[in-house]
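Q: Predicted coordinates and the sequence they were generated for:
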Amino acid sequence: MRTQYTKATKKKELTHAWHLVDVKGKVLGHVATEIAMKLLGKSKPNYVPNLDCGDSVVVINCALVEVTGKKEKEKRYGNFSGFPGGLKEKALWQVRKEKPTEIIRHAVWGMLPKNKLRDRLITRLFLFADENHPYQKNINA
């Protein structure tokens, strides 16, 4: 009787493709989930959680992403300096005006696994507030 074994995925067998995602008029959470799955590579047949199997993702029109309900005024983005009184918060509409790409980066960052791969995965996320980007030749290839 012959037994068949599943072959382990090797690092040299992995390929990284490029994807273009246009978020104009799409809901933030749905788009962030889609982007996180592409960065992780979970749709690939050779996915393993301990290797960087994901693809590069170029996101355009970040300033035009939609949110539902009252999130535009009530959702808060904050950071803490570590000192007393060092909490700084901004509403979603303020972040959209100053740095619209940070809205999507923050949402995708929270959906990636909290391990050593997260820093490497987020480096392949390229965000642009409008339609112009320098990666067109990589996406068509």
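A: Thanks, I have it. Numbers count the residues shown, from 1 in each chain.

Q: Any chance you could list what contacts stretch 82-90?
A: 76-81, 98 (Cβ atoms under 8 Å, 6 or more residues apart in numbering). (Glycine included, C-beta is placed from N, CA and C.)

Q: mind running it again at 7 Å?
A: 76-80 (Cβ atoms under 7 Å, 6 or more residues apart in numbering).

Q: Report the distance from it to the chain centre.
A: Relative to its parent chain, stretch 82-90 has a centroid offset of 26 Å by Cα atoms, centre = their mean, to the nearest Å.

Q: Next: stretch 104-113.
A: Relative to its chain's centre, stretch 104-113 lies at 6 Å (Cα atoms, centre = their mean).

Q: Show me what counts as buried in it.
A: 104-105, 107-109, 112 (16 or more other Cβ atoms under 10 Å).

Q: cool, stretch 33-51 as well?
A: 34-36, 38-41, 44, 51.

Q: Tell me the one of these nearest T68?
A: E34 (16.4 Å; Cβ to Cβ).

Q: ok, of the buried residues of stretch 33-51, which one's closest to D119?
A: L39 (11.9 Å).

Q: name the helices or strands packed onto the strand or helix carrying the closest one?
A: For L39, the element it lies in under DSSP states H and E is helix 28-40. Using 3 or more Cβ pairs under 7 Å, 6 or more residues apart in numbering; DSSP states H and E as the contact test, the elements touching helix 28-40 are strand 18-22, strand 56-60, helix 101-111.
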